[in-house]
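Visitor: Kindly return the folded structure for what I paste below:
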Amino acid sequence: MNETYFFEELLQSEDDAITIVDKDQKVIYWNNAAEQIYQIAKEQIINQPITDFFSHDDLMIMKVLNTIKPVKNAYHRPRKDKHVVVNSSPVFNQENQLIGVLSIERDITHIVKLNDNLESTSQELQELKQQMTPASSDSPFAKLKGDSRALHQMIRMANKTAATDATTLILGESGTGKEVCARAIHDASNRKNAPFIPVNCGAIPQALFESELFGYESGSFTGAEKGGKAGKIEMADGGTVFLDEVGELPLDMQVKLLRVLQENRIYRIGDSGGKQINVRFIAATNQDLEKLMQENHFRSDLFYRLNVIQLTMPPLRERKKDIDILAQTFLEQFAVKYQSSAPAIPAETMDVLRAYHWPGNIREIRNLMERIIILHEGTTLTKQDVWSFLPVSFSNPVFAHTETPPPEKENIEKISIEQALEQCHGNKTKAAKQLGISRVTLYQRIKKYHLDY
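Guide: Numbers count the residues shown, from 1 in each chain. Sure thing, here's the model as predicted:
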């Protein structure tokens, strides 16, 4: 029986908080470290439901009870003032019945606070440095226009990424400039003199994926070119492949792409030997890849291969400070292109542009400024002008989020969407781009108007 005392002393002397709850959520063990970390005495919590002391949604232990799956080295925030790393496991009896959950939590609050302070200080130093030495217009990242903190943070990370060959995953809504960012990373890297090959995974017919990406040997199938043909990846040897909309890759292509990432070797259709390649991969998507993994539509091993460095392009609604710069920049660009003069934008008109929600992000404001240069008459752009040029049903910020658009506007919107889909032969990605809206928004409108696409 002495072993019991040794075991109890071991648990009590442990620096990590140790909690055991039974299957009815009642706390049956609470060590000294748990008392110190959460400032809850044993006498208060033992034999009481743990949900009386912590919010149900903030408990990793409840997740394990509900899923009966262990959690390993998971970052967790059980309270606003506490940051912990959790290892939690379900406990079963000899009949393999669940009897409770054991949770070990390491307090890392002080580390998180130190890191936050360091990050804040580093950011302040970086901002001071940028004020003293403004970014050169020759920098590839100068193409990402704006002065918001969100954009500057993303550019700093992308610039660091460019100095390496690390595989990079760029996340962000449609129209946020993911390809511009990918090209800037390539142009700022030591691969800048080698090819940059973009591949739109959402625009390639499934039957052509393999030949487009990997190429084929002569005679490998009927109609194959004499001498064979290099695929996109092989064409980028020494440079960068940009896989846009990587979430659209079919599962069988995901397996083959994973093999290329693991082996740095490309296999054309009809070639069993393969060819060694030196390619950097940058992927991008506006989809939730983790959700696709849960639905078995995207391989987790490919996700982790692509997700070495993750960058997120901020949506325009989180970059209100940049709307002025982007509007003026695009107006001037299209004024030169169409040999016209750019109208002045009064402050009240700019307020309308800032109030708008920009579902199509940078692409949408660019399209809007092009429409204005082509169609606007006069030297000043009024807020009424802006409303008239914005896409139907989004055109007036007054009802863009809160009110239902008038029936005539809904009818015009429906016709506009039908025309765009017809012109793009049902290709929703192209239609959304033509309309200046995100693909998610387009799907919502197709469902709303019961369109047969």
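
Visitor: separation between G378 and A344?
Guide: Noted for G378: a distance of 10 Å to A344, by CB to CB, to the nearest Å. Placement of C-beta: from N, CA and C, glycine included.

Visitor: again, but for G100
Guide: Using CB to CB, we find G100 at a distance of 70 Å from A344.

Visitor: Repeat that for P49.
Guide: Look at P49 and A344: by CB to CB, they are 65 Å apart.

Visitor: got any ranges where the stretch 151-300 of the chain has weak pLDDT?
Guide: Within the stretch 151-300 of the chain, the stretches with pLDDT under 70 are 218-227.

Visitor: repeat that for 50
Guide: For the stretch 151-300 of the chain, the stretches with pLDDT under 50 are 222-224.

Visitor: same deal with the stretch 1-150 of the chain?
Guide: Counting by pLDDT under 50, the ranges of the stretch 1-150 of the chain that qualify are 129-135.

Visitor: residue boundaries of the helices in it?
Guide: Using DSSP state H, counting those that start in this stretch, the helices found in the stretch 1-150 of the chain span residues 2-13, 32-38, 42-45, 60-67, 109-132, 149-162.

Visitor: Which positions in the second one come out as buried?
Guide: I take that to be helix 32-38. Neighbour-count burial for helix 32-38 flags 33-35, 37-38 (criterion: 16 or more other CB atoms under 10 Å).

Visitor: Closest to A284 out of those residues?
Guide: Nearest to A284 out of these is I37 (CB to CB; 40.9 Å).

Visitor: Hmm, the closest one is touching I18, no?
Guide: No - shown here, I37 and I18 do not form a contact pair, counting by CB atoms under 8 Å, at 10.5 Å.

Visitor: shared neighbours, these two?
Guide: Taking CB atoms under 8 Å, 6 or more residues apart in numbering as the criterion, I37 and I18 both touch E105.

Visitor: how about the strands in this structure?
Guide: Counting by DSSP state E, the chain has strands at residues 17-22, 27-30, 71-79, 82-92, 98-107, 168-171, 196-200, 215-216, 229-230, 240-244, 265-266, 275-276, 280-285, 309-312.

Visitor: which outside residues touch the first one?
Guide: Residues from elsewhere that reach strand 17-22, judged by CB under 8 Å, 6+ apart: 11, 27-31, 33-34, 37-38, 50, 61, 65, 84, 91, 99-107.

Visitor: buried residues in that strand?
Guide: By 16+ other CB under 10 Å, the buried positions in strand 17-22 come out as 17-22.

Visitor: same check, this time on the longest one
Guide: Judged by neighbour count (16+ other CB under 10 Å), strand 82-92 contains these buried residues: 82-88, 90.

Visitor: Now tabulate those residues in TSV and tack on distance to E212.
Guide: Formatted as TSV, the buried residues of strand 82-92 follow (distance: CB to CB, whole Å):
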residue	distance to E212
K82	51
H83	46
V84	47
V85	44
V86	44
N87	45
S88	45
P90	47
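
Visitor: who's in contact with the closest residue to Y443 other than its chain neighbours?
Guide: The shortest distance from Y443 to any non-neighbouring residue, by CB to CB, 6 or more residues apart in numbering, is to K428 (7.1 Å). Shown in contact with K428 (CB under 8 Å, 6+ apart): 421, 439, 442-443, 446, 453.

Visitor: Just give me the closest of those residues to E263.
Guide: Nearest member of the contacts of K428 to E263, counting by CB to CB, is R439, at 33.1 Å.

Visitor: How is this structure partitioned into domains?
Guide: Domain ranges of the chain: 2-111, 135-312, 318-448, per automatic domain parsing.

Visitor: is the nearest residue in space to A236 that is not next to it in sequence in a bridge, and if so with what?
Guide: Closest residue to A236 apart from its sequence neighbours, by CB to CB, 6+ apart: I197 at 4.0 Å. I197 forms beta bridges with V241, as assigned by DSSP bridges.
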